[in-house]
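Chemist: take this sequence and fold it.
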Amino acid sequence: MVPGLKQVRETGTERAVMKKDYRKYFFWILLLTLLIVIVFASRRFGGFVTSSDYFAIKNINRVASIILEEGNEKLVLKKGDSGWTVNEKELAGTKTIRYFLESLSRITIKSTVSESIFLNDLSNDPVPEIRVTVKEKPGFSKSYLVYPVSSNPYGNYFKKREKGIAYVVNIPGFSGNVGSLYITSEKLWLPHEIYSYQPSRIRMVCLEYPSDDGSSFMIRQDSTGCFELFSLPGELPVPEVNHERILRYLTYFSILRFERRVMESDSVDVEGILLSIPVQNLKVEDIDGEIITLRMFPIVDRYSDSEEEVDLNRIYGQINGEKELVVIRYMDIDPILKDLTYFTVDER
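Modeler: Predicted structure coming up:
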């Protein structure tokens, strides 16, 4: 072989190998650049939401815990052998948890929102975001942010991350603010129980009718277990009393639950109602000195300035002077709404 020809062939082979190596390096550099772009976009835009049910819980039976964080408040709902607990201290209300999980399983994305609109709405209605973490078995978790603003028709924005895209979400069939479902207050997750008494543990019951003093009364139990009846106002002893009816009446205090709490999404003038005159005032004291008060107000549905209708099935209640209302069914509370004549009229 001619020496010069051999050198040319070797040089050509080396160039082909080097060209192949350059292509390989170029491929890896391009792939690395693409990965960097994907990571940056994921952090900048909150990831890529590929389905309308991204924020929804896919299987509520697999949920092990839900953590809600708003400012300095943190609420932990955890599933245990005995049921769901609130901050690992008390059992949560079964119906409340079930409703919450079922609602979260139906959340769908309605549309995206531009950053300018989101920031403008947030400036007009500066609400703290709620960080949500949903943990499922066997270890999968999902987190996102909820901005329960009231400046858009649906009253809320959701984001995967703080610097991500804002989404408007809704729940089919739910007309309220979806963000209002994410509550960090402990008491709102506890069972809907107002009181639970055995007759022997009741020291005093006082039921007032502000618009009808003649119906108001008080029952008091002394240390020997004997009961006395008094008319109100003035606490005047009632001489002739049907004691069997008093004992029967006190058994109606075994338990009283409310149906639900009045939420912001209900558009109820809570402050105005609390300033109005209640239809009944109930006060119960047990033998340990613990007192529970319940003020009751009618539920009025106003259809126009001149037309209104009173709900005959439910009533509002204010428990222990709290600045909120609960809804109580009449069928649950009606047994205790007696008047003074109930204890003074002979059954025969």
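
Chemist: only C-alpha atoms for contact and neighbour calcs from this point on.
Modeler: Will do.

Chemist: and the nearest residue to residue 222 once chain neighbours are set aside, what does it touch?
Modeler: The shortest distance from residue 222 to any residue other than its chain neighbours is 7.2 Å, reached at residue 203 (Cα to Cα, 6 or more residues apart in numbering). For residue 203, the contacting residues are 220-222, 284-287, by Cα atoms under 8 Å, 6 or more residues apart in numbering.

Chemist: CSV for the residues you listed, including distance to residue 89?
Modeler: CSV is the format used below for the contacts of residue 203 (distance: Cα to Cα, whole Å):
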residue, distance to residue 89
220, 35
221, 34
222, 35
284, 26
285, 26
286, 24
287, 26
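
Chemist: for these, which one is nearest residue 168?
Modeler: Nearest to residue 168 among the contacts of residue 203: residue 284, at 46.2 Å, using Cα to Cα.

Chemist: pretty sure the closest one contacts residue 199?
Modeler: No: Residue 284 is beyond contact range of residue 199, at 11.4 Å (criterion: Cα atoms under 8 Å).

Chemist: circling back: which of the contacts of residue 203 sits closest to residue 124?
Modeler: Looking across the contacts of residue 203 and measuring by Cα to Cα, the closest to residue 124 is residue 284, at 44.8 Å.

Chemist: what strand or helix carries the residue nearest to the closest one when sequence neighbours are not counted?
Modeler: Leaving aside its sequence neighbours, residue 284 sits nearest to residue 205 (Cα to Cα, 6+ apart; 4.7 Å). Assigned by DSSP states H and E, residue 205 falls within strand 202-208.

Chemist: show me what counts as buried in that strand.
Modeler: 202-208 (16 or more other Cα atoms under 10 Å).

Chemist: what are the boundaries of the strands in the stretch 1-150 of the chain?
Modeler: Ranges of strands in the stretch 1-150 of the chain, per DSSP state E, counting those that start in this stretch, are 63-70, 73-80, 83-86, 90-91, 108-113, 130-136, 141-147.

Chemist: just checking, next helix/strand downstream of the last one?
Modeler: As assigned by DSSP H and E, the chain's next helix or strand after strand 141-147 is strand 157-159.

Chemist: what helices and strands are in contact with that next one?
Modeler: strand 141-147, strand 166-170 (3 or more Cα pairs under 8 Å, 6 or more residues apart in numbering; DSSP states H and E).

Chemist: ok now it, how far from the chain's centre?
Modeler: With Cα atoms, centre = their mean, to the nearest Å as the basis, strand 157-159 stands 18 Å off its chain's centre.

Chemist: what does it contact?
Modeler: In contact with strand 157-159 (Cα under 8 Å, 6+ apart) are residues 46, 144-149, 165-169, 179.

Chemist: likewise stretch 215-232?
Modeler: 200, 202-209, 213-214, 233, 235-238, 241, 243, 246, 339-341.

Chemist: show me where pLDDT drops low in the stretch 101-250 of the chain?
Modeler: 151-155, 175 (pLDDT under 70).

Chemist: from one end of stretch 102-116 to the other, what's the distance?
Modeler: Stretch 102-116 stretches 33 Å from its first residue to its last (Cα to Cα, to the nearest Å).

Chemist: could you list the buried residues of it?
Modeler: 103-109.

Chemist: can I get the residues you listed in JSON lines with distance to residue 130?
Modeler: Formatted as JSON lines, these follow (distance: Cα to Cα, whole Å):
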{"residue": "103", "distance to residue 130": "17"}
{"residue": "104", "distance to residue 130": "15"}
{"residue": "105", "distance to residue 130": "18"}
{"residue": "106", "distance to residue 130": "19"}
{"residue": "107", "distance to residue 130": "16"}
{"residue": "108", "distance to residue 130": "18"}
{"residue": "109", "distance to residue 130": "18"}
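
Chemist: looking at those residues, which are in helices?
Modeler: Counting by DSSP state H, the buried residues of stretch 102-116 place 103-104 in helices.

Chemist: with that, I have no additional questions.
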